[in-house]
Structure formats: structure tokens, C-alpha cells
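Asks: could you look at this predicted model? Sequence included:
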Amino acid sequence: MTDEFDNAEFAENHAASTLRELALSSPELGQAVNDNARDIRAAIADAVAIPRKLEADIAELNKTRDLLPVAGAKRLRGELIAGAVARGKEVDRTIATTIEATRENLVTGALPRVAQDREALARDELRVAFGNSTGDAAAATAIALAQSGNREIVAALSTSFGRTLLESRGLAGRDLAETFATMRKVAAHSALEHSTDVGEVLAAKALQKLDALGAARGAAGMALHRAVERARR
């Protein structure tokens, strides 16, 4: 077994074990996250297939080296390598994008939701909690409220209403986007401490360990790198 196959096998096994640990296929996490899990598994499978196919294609090319002109064999080898590298980059982007989509869906899943008949009251409580704060003080208030464990306030803060409220307190552009995103992530992670909802807790737990999938992504990339090195010899 070659080095690139070792890396490919690790990528497959690590992705499979991590996905099981994250329980992303759990129905409590919702269809969006379930679909993310399927897409991640498929993307990793695509990634590890690339170095294996390159190895097989180079082996076939080597069998015919005596039948091809040197220049022709060299050109074909280069095309096989270039195709594998291009496909590897494409699949790596897919893996990265899918992991980030999963992260956003887990954040949403870990956030509390306010009952419709309590929504107006929650918004009023949120306005009161912000007081007269503006700018950086409003941003700090948002983060503190996200950690508070007050489900109704956190639910209101995490919606478009919360974003509009921050905007009305002087936050704009990148500051607004970063504050709102950070606040949502802080609130999502705090579900482990404050929530008793099964889906929210599962989402928060998965969110905590999601970056472990990076090892599978890295191993798949290393498998291709080593396959390319061997193909160029």
C-alpha cells in the first residue's frame, strides 16, 4: 500500500468516525444538517478517489511507455497530473464550503426560538436590555446578552430584528456583520450550558467539534500531493 493510499484511507476513516461522533445525521438536527452530512461524506469520497485514479492512470500509461513517443508519453503524463490537481482543488473547495455551510446550519439549530405569542414582549425586553448603548457599547451588550441564557432575549437578538436593532445603534458594514455573526456563534455555543432542548444541545455539541473534519480534508489533500509527486518521477 502506497503512502497516498494510507492518507486516503485515513481521510475516509477519519471523516466517517467524525461524522458519527458529530451525529450530523440525527433527525433532531434537521434536514439541512442531515444533507450537509451527506454532502461532506460524498466530497471526502470524491477527494480520496482522485489520487487513487491518478495512480491507476499512471500505471496504465507506464505499461504503454514502449509504444509511445517520449514526447507523447510526457504530454499525457502532464495532462493526467494537471487534471488531478485541478479536480483536487475543486473538491477541496467543495469540502471547505460544505463544512462552513454545516457550521452556519448548526449555529441556527443551536439557537433558541421564541414563541410567536411572546415575540413582541421579547423584542421589548431586548430594547430595554440595550438601554442607550451605541457603537462598541452596543456590540459588547449584544455579546453579553448572547451569553446570558435568557432564551427569549437571545431568540429575538439572533433574528433579523436583532440585526436591525444593532444597526439602529450605530453599527454598520463589517462591524455590524461581524458583531451579529459573533453574537450568534456565542449564543449557539452557550446552548451547552443553558439549553435543555435536545436538538439545540446536539447542534451545540456538533458545532464544538466540527473542525475535526479538517483533518480528513488535510489528509485527502496530502494523498493527492504524494500521488502527484510519484507521478512526476
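Replies: Happy to help now that I have it. Residues are numbered from 1 along each chain as shown.
Asks: rest of the way, CA atoms for contacts and neighbours
Replies: Will do.
Asks: got the contact list for Ser168?
Replies: Contact partners of Ser168, counting by CA atoms under 8 Å, 6 or more residues apart in numbering, are absent.
Asks: can we see that at 10 Å?
Replies: Counting by CA atoms under 10 Å, 6 or more residues apart in numbering, Ser168 touches 134-135, 138, 162.
Asks: pLDDT value on it, please?
Replies: On the pLDDT scale, Ser168 is placed at 96.
Asks: any idea how far it lies from Asp136?
Replies: Using CA to CA, to the nearest Å, Ser168 is found at 13 Å from Asp136.
Asks: with Asp66 instead?
Replies: Applying CA to CA to Asp66 and Asp136 gives a distance of 71 Å.
Asks: quick one: which of the two has more around it?
Replies: Asp136 (14 against 10; other CA atoms under 10 Å).
Asks: which residue ranges of this protein form helices?
Replies: 3-22, 31-63, 70-110, 119-130, 135-146, 151-157, 160-168, 173-189, 191-194, 198-209, 213-231 (DSSP state H).
Asks: tell me which other helices or strands the last one touches.
Replies: What that stands for is helix 213-231. On a contact count with 3 or more CA pairs under 10 Å, 6 or more residues apart in numbering; DSSP states H and E, helix 213-231 meets helix 3-22, helix 31-63, helix 70-110.
Asks: list the contacts of the most centrally placed residue in the chain.
Replies: The centre of the chain sits closest to Ile99, judged by CA atoms, centre = their mean, with a distance of 1.9 Å. Ile99 makes contacts with 36-37, 39-40, 93, 105, 210-211, 213-214, as judged by CA under 10 Å, 6+ apart.
Asks: pretty sure Ala206 is touching Arg103, no?
Replies: Yes. Assessed by CA atoms under 10 Å, Ala206 is found in contact with Arg103 at 8.8 Å.
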